[in-house]
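> give the three-dimensional model of this entry:
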Amino acid sequence: MLISTAYAMGTAGGQAGQAGGLAGFLPIIILFAIFYFLLIRPQQKKAKEHKAMIDNLKKGNRVVTSGGIFGTIVSMDDTTLGLEIAEKVKIKVARANIAALISDNEAATKPKENN
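Sure thing, here's the model as predicted:
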């Protein structure tokens, strides 16, 4: 009689342990879902938009680099761009370092330098 009671208690304890294990993983799953929707997904979207912008660059576009240098694209290569940052002053930058494309509206409102 004592043995059958111990056997029954062991079975119930095993089922409770399985339910506790699943409940233990639930906060981790919820935390991962929160990180995905708040951090990972927006970063992937931003990277995708940046890659599309880099792929659509063409000569004559006004751009700003990640270092803050404004210039106009004068030459293009697979990995580099030639930028004219002032009259007869050209530099080469990596395509990945282009931060943004400047629209004509932004270029028109940019304050003129006093020389």
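> average model confidence for stretch 97-107?
Across stretch 97-107, pLDDT averages out at 81.
> and stretch 76-92, by the same measure?
94.
> how about that stretch: buried residues?
81-83 (16 or more other CB atoms under 10 Å). Yep, even glycine has a C-beta here, placed from its N, CA and C like the rest.
> for stretch 56-70, same thing?
61-65.
> now it, how far from the centre of its chain.
20 Å (CA atoms, centre = their mean, to the nearest Å).
> now do the residue positioned nearest the centre of the chain against Ala99, distance only.
Closest residue to the average C-alpha location of the chain: Gln43 at 2.9 Å, with CA atoms, centre = their mean. Distance, Gln43 to Ala99, using CB to CB, to the nearest Å: 16 Å.
> one step back: check which helix or strand the residue nearest to the centre of the chain maps to.
helix 41-55 (DSSP states H and E).
> now, the buried residues of stretch 56-70 that are in strands?
Counting by DSSP state E, these place 62-65 in strands.
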